[in-house]
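Q: Everything below, folded, please.
(chains A and B, ligands or ions: 2)
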Amino acid sequence: MQTTPTHPAKPAAPAAAAKPDDDKALPLRINGRAYSFDGDELMPLLWYLRDVLRLTGTKFGCGVGACGACTVLVDGKAQRACVTPMKTLAKREVTTIEGLANGELHPLQQAWIEIDVPQCGYCQAGQIMAAADLLKRNPNPNDEEIGKISNLCRCGTYPRIRKAIKRAAEITKEHAAREGGKS
Amino acid sequence: MKGDRTLASPSRRRFLVAGATVSGALIVGWRAAQAQTQQALPYLGARIEPQLLGVFVRIEKNGDVIIGARGCEIGQGVKTSLPMLIAEELDVDWNRVRVEQLPYGYIDTDKGPGDKYGEQGAGGSTSIPIAWKDLRQAGAAARWLLLVAASAKLNIPAGQLHTESGSVIAPDGTKLGYGELVDAASKLDPPTEPRTLKDPAAYKIIGKPTPTVDAREIVTGQTEFGIDAYRADVLIAVVARCPWIDGEIVSVDDAETRKVAGVKDVLRIAGTKPGESFDGALVDGVAVLATSTWAALKGREKLKIEWKPGPFADESSDGLRKRADELLRPANAGNAVPVRRDGDVDKARKAARKTIEARYTVPFLAHATMEPPAALIHVTKDKVLLIASLQEPEGASEVINAITGVPRSKIEIRMTRAGGGFGRRLKNDYIAEAALIAKQTDKPVKLLWTRDDDLRHDFYRPYCMFQMAASLDRKNEVTAWSMHCAATPRNHRDKRMKDRPLWASTLVPDDFPAGLIANFDLSLLALDSGQPRGWWRAPAHNATAFAVQSFIDEIAVALKQDPLALRLKLLGEPRQLPYKGHGGPSFDTGRMAAVFNAAAAKINWGRKLDRDRGLGIAGNFTFGGYAAHALEVSAIDGNVVVHRAVCAIDVGRVVNPLGLEAQTIGGTIDGLSTALNLAITLKDGKVQQSNFGDYPLLRMGQAPVDVEVVIIDSDKEPAGAGEMALPSALPALTNALYAATQIRLRELPIGDQLRKIL
Ligand code: FES
Ligand code: FES
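A: Ligands and ions are numbered 1, 2, ... in the order given. Below you'll find the model as predicted:
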C-alpha cells in the first residue's frame, strides 16, 4: 500500500490565540499543538476552531448538536464542537480533520477517496471523525454498528460511507499485518 | 430548475481563439458566433454572446494540463465531469490534468452583458447537456492547434498525424509532447469551423469511472466552501429577520446588543416590498456585525425588535388545506387553469364502467443545504469581491449591481465548492442581504445564516393537493384521466417567470400518461400563500410523480393487475411522444419501459415475499432522463424499513459513471428522506420548523444500507444526472408500503401515519 503525504496544514494560529503567560488562560492541545484560550469560556469550540484558528475543516451545520458536521475528537472521542463550550476543554486534546492524518493519509481518508464518498463534501469531515471514533472502539464494525453514526448527509452518501468504513477497517488491518511482518 | 425557463438559444458556430499567456502556456478558449438563423436548440444551450473569449485549457511546457471548471460545484460533480469532456477531446492523460475552478466570467460586450465561459449556473440538470455541445469543442480546438503546430514542425501534413495521451505522433513514430508544441501552437490562428469530434469508440475518459477531483482536499479538510472564506478584518454578520413575508420593523432596541464584546455595529436591511418580485433580500432584517461569529450570535439574541406582521400573519397549514379542499370542489372547476386537455374527459366518464378517484397531498419543503447560506463580500466604492457557494452567479452579479451600483464588470465573483444546492442557491436573496450590509461598511463582511434562518426563510417547494380520477371501460382500459392540482404555484413574485404560464415549474403538460390516454385533463387551481416558492430538486416532478405513480398503482389494484404490467401496457410499443417542456423534444416510451424492466429484474419483481414485506415500483421522466425505482420494504408496527432499494437510470451517454451512481444513490435517499419525514408547516403566518429536530433528514441507520444502481448503457445525447433519481423514489416507497400493509398513504410525509394505524 502506497502512502501519500497529506497537504500542508493551514497557516498556524495567529499569535493572539496563544498567550501562555496568562494564568486565567485555558490550556488545551489541538492537533498536537499547545494553545491557550482566554476568551469567552462559553464560546463553543466550533467558533474557536473556525474563527480564531482558521481550522475551517470542521463545519457548521446546525449549531445544536443535531447534524454532526462539526464532529471532532476530544481525547479521542467524537464530540460535537458546536455544543462543546471552551471551558470544558482545559487540558484536553482536540483532534480536527486537519490533524487526523499523521504525515500520511489516515486509512479512513484513503478509503473515502478510493470509494469516492463525497458529493458536496460538506458533511464529510464530520463523518470521517465520527467513523474514526467508531473504528477506534470497534475495528470491525458491522452494518448495524455503522448505522449508529448519526451524522447527517444531505447528499445521501450513506451507502458509500458504509463501504468506506469497511474498507478503512481493511486498510488498517493490512497496515497492521505489514507492521507485524516487519518485526 | 433554472433549466425550466426553457430558454431558446440561437444556434451558433463556434470558432476558437488562442493566445499566449505571460507564462508561455497555451490558452485556448472559444468564441461563439450567432448564426443567421435563430433556431432553438433541443436543450437550453449556453447563452453565449458573440465575440467573447473563453478560456478553459492551459498546457504547461512540461506537458501538465490545467483545465478550467466553469460550473458551480454543488455536489453534482460538474467540477469533475465538465473538465473530463475537454480532456477527452484534447486527448490527454487524465492523470496529468489539474482542474481549477473558474470564477464567474462576466464580460461587457457592445451588445450588453456577456458570458466569458458560457453557462455557469447549475440548474435543471443542464450542465452536461450544455457542455456536451460546447466544451468538447474547446478541447478539440486545442488539440487541432497542437496538430497544426506539429505539422509545421515536422513538415508532415496534419492529416497524417494523430494524437495520443498528450502527444502528437507522426507516421514514423516520432512523438512530440504537447508541452513542446505549446509555443508554436499558441501563435496560430484558431480554427474557424467546429472540429470533428472523436468517435465515441475511442473514448478514454468519457464513460470511465472518475473520482471527484477535490476528494483529497475534502477528506483532509482543506477545501474552501463559501462559509469558510476569510479576509483579514472581516466582520461576521448575522441577521434577525422578520418572521412574516411583507411584515416590517416597527422598532429596534439594540442597546444590549451593542454591549456585547466584539459587536461592532447594528444595521437595518430592507426586504422585498409588499407584493413585489423577490429579487433582493426576502424580508426586513436587523444585521449584527461583530468580530466573531459567537459575538454576532450573542448580539442577535439580545436584540429587542418589534415587528408588524403584515398581510400573511393568519396563514396556517390547516387553512391552506381547507382552501385547497374548497378549490378542488367541482363547483370551482371553472377557475382551473388548463395545462393540457385532450379529448373529452366528461363524456368518457359518462360512458365508463367505473371511475376511481384519489387525492394526494405534498407539503412545502425546505432545501436545507448542509452548508447554510453564507457569503463573504467586500464592497468598496468602485468594486466588489464576492466569495460564496452559488448556483446562479449571473443572478448574484445582477443583484449586487442593483444594490451597490458598482458596474458588473467590476464585480468579481468567486464560486467556491458549495455544500449542497438542490435549487436553494438559484435564489440570491442571501447575496442581496450580504450586499445590503456590506455597502454600509468599508470592511469585508461575512454573512452567516443559522439553520433556523435557513428553514424559516427559504423558497419552498410548492404545496400541492392533487385530485385524480381515472375512468375504466368494460374492457378495463383506462379511457379518461384527470388531474386537478390545487397548489401554491411556483410562478409567484418572480419577475424571471413573468412571461411563463402560471403552472410553469408546478405541473408538466406532457408528462406520463399524457398522450397515452385519449381523454386527458391536467389543470391548476392556484392557491394563495405568502410563502416564497422556489425550485427544489426536480421541480414539479418531485410532486407530480408521487400523485401519478401512486394513482397508477391504485388503478392496478382496482383492476387486479400487476402494477408493473399496467405501466408497461400503458406505455405500449416503443415510440416517441412529443414532449414540449424541459427534457424534450420527445418522450421515448421504450426507454421508460426499459428502466421499469431493469429495476424490476434487479429486484426480482413478482417473487414470493415474506409476509411483512412488500415490493413497490415507480418511474419518472425528468429533464431528459428516465428513472425507475423498485423497493422492498416492511413496516412492522409502522416502522418503515427499506430492505432493498433499486434504481435503474437512463440518462443517455454516461460521462462519469461513478458520478452518475453517486447522484442516483443520493437522489434516491433524498426522495426517501423527503417522503418519510419532511414538511414545512405554517402557523400564524410563521414557519414552524427550526432545525434538524423538526426537519429530520434521514440518518444513516434509517436509510437503506445500499442503493443498487442499474445504469442503462446508451449512446443517446447525454442528459444531466442531478435530479432524475429523486421523483420516483417517493411513490415507489408508498407503493411498496401498500404492498406490505394494504394501507395506501396519500399524504406526505409519511411521518407516523402507519404507526398510528398498525
Ligand atoms: S453543527 Fe454541530 S452538530 Fe450540527
Ligand atoms: S456530501 Fe453533501 S452533505 Fe454529505
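
Q: ok now stretch B:445-458, how far from the chain's centre?
A: Its chain's C-alpha centre and that of stretch B:445-458 lie 20 Å apart, by CA atoms, centre = their mean, to the nearest Å.

Q: and if you look at stretch B:150-162?
A: Centre-to-centre, stretch B:150-162 and its host chain are 45 Å apart (CA atoms, centre = their mean).

Q: Please list the outside residues in contact with that stretch.
A: B:147-148, B:168-171, B:174, B:176, B:181, B:184 (CB atoms under 8 Å, 6 or more residues apart in numbering or on different chains). All C-beta spots, glycine's among them, are computed from the backbone N, C-alpha and C.

Q: Just the buried residues from these, in ChimeraX please.
A: The following ChimeraX line selects those of those that are buried, judged by 16 or more other CB atoms under 10 Å in any protein chain shown:
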select /B:147,148,168,170,176,181,184
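
Q: Narrow the contacts of stretch B:150-162 to those in helices?
A: The subset of those located in helices under the criterion DSSP state H comprises B:147-148, B:181, B:184.

Q: which among the residues you listed gets closest to B:Ala290?
A: B:Leu181 (54.8 Å; CB to CB).

Q: Hmm, the closest one is touching B:Val148, no?
A: No - using CB atoms under 8 Å, B:Leu181 is not in contact with B:Val148; the gap is 9.2 Å.

Q: closest to B:Val548 among the contacts of stretch B:150-162?
A: B:Leu147 (51.6 Å).

Q: burial count for the closest residue to that closest one other than its chain neighbours?
A: Leaving aside its sequence neighbours, B:Leu147 sits nearest to B:Ala158 (CB to CB, 6 or more residues apart in numbering or on different chains; 4.8 Å). Applying other CB atoms under 10 Å in any protein chain shown, we find 16 residues neighbouring B:Ala158.

Q: Does stretch A:114-127 reach ligand 2?
A: Yes - counting by CB under 6 Å from any ligand atom, ligand 2 has neighbours in stretch A:114-127: A:118-124.

Q: and chain A, which residues reach ligand 2?
A: Residues of chain A lying close to ligand 2 by CB under 6 Å from any ligand atom are A:118-124, A:153-155, A:157.

Q: do that again at 5 Å, thanks
A: A:119-120, A:122-123, A:153-155, A:157 (CB under 5 Å from any ligand atom).

Q: For the residues you listed, work out which two are farthest apart.
A: Among these, A:Tyr122 and A:Thr157 lie farthest apart (CB to CB), at 10.6 Å.

Q: Next, show the common contact partners of the two.
A: If you check A:Tyr122 and A:Thr157 against CB under 8 Å, 6+ apart, no residue is contacted by both.

Q: So in chain B, where's the weakest helix or strand by average pLDDT?
A: Least confident helix or strand, chain B: strand B:12-20 with a mean of 34, by mean pLDDT, DSSP states H and E.

Q: count of residues packed around B:Arg644?
A: For B:Arg644, the count of nearby residues is 19 (other CB under 10 Å).

Q: I'd like the ones in helices among the contacts of stretch B:150-162 laid out as TSV, including pLDDT and distance to ligand 2.
A: As requested, those are exported to TSV (pLDDT from 0 to 100; distance: CB to the nearest ligand atom, whole Å):
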residue	pLDDT	distance to ligand 2
B:Leu147	94	41
B:Val148	93	44
B:Leu181	91	40
B:Ala184	86	44
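
Q: now those residues as TSV including distance to B:Leu282?
A: Rendered in TSV, the data for the ones in helices among the contacts of stretch B:150-162 read as follows (distance: CB to CB, whole Å):
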residue	distance to B:Leu282
B:Leu147	53
B:Val148	54
B:Leu181	53
B:Ala184	55
